[in-house]
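In: I would like the atomic coordinates for the input below:
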Amino acid sequence: MKSEIKFLVELDENRVPEKLSWTAQDGGVEQEEAKAVMLSIWDSKAQETLRIDLWTKDMPVDEMKLFFHQTLTAMADTFQRATADEKMADTMRDFCDYFAEKLELKQ
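Out: As a prediction, this is how the structure comes out:
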């Protein structure tokens, strides 16, 4: 069985993303618009993370801050599920709370 996820990036003349969309037919997503994408891929042979970080030039800074906060929080949850290291996941969540406080994201 295979599942495919596609990202479409439309660039301006300077190769800056103007529009992002993604499709995941198994998840019922068809060319859904996005303003930002952060993708991490583990290269086991090189023992390093490869990354693709894209955002459209009209991505508002306030939304970018929320995007980062939510991504960091999700990473803490994923870290806990992947490693069962609850103590470190909680430490990561503490940082997420600090991050949100400093950026005044939470009231």
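
In: from here on, contacts and neighbour counts on C-alpha atoms
Out: OK.

In: correct me, but Asp12 touches Thr56?
Out: No: no contact is recorded between Asp12 and Thr56 when judged using CA atoms under 8 Å, the distance being 10.2 Å.

In: can you list residues touching both of those two?
Out: When contacts are counted by CA atoms under 8 Å, 6 or more residues apart in numbering, the set common to Asp12 and Thr56 consists of Glu18.

In: So the two - more neighbours on which side?
Out: Neighbour comparison, Asp12 and Thr56: the larger count goes to Thr56, with 18 against 11 (by other CA atoms under 10 Å).

In: Now do the phi/psi pair for that one.
Out: Geometry field for Thr56 lists phi and psi as phi -70, psi 160, criterion degrees, to the nearest 10.

In: Spell out the secondary structure type for Glu18.
Out: When the structure is split into helix, strand and coil by DSSP: H, G, I helix; E, B strand; the rest coil, Glu18 lands in strand.

In: Understood, closing this out.
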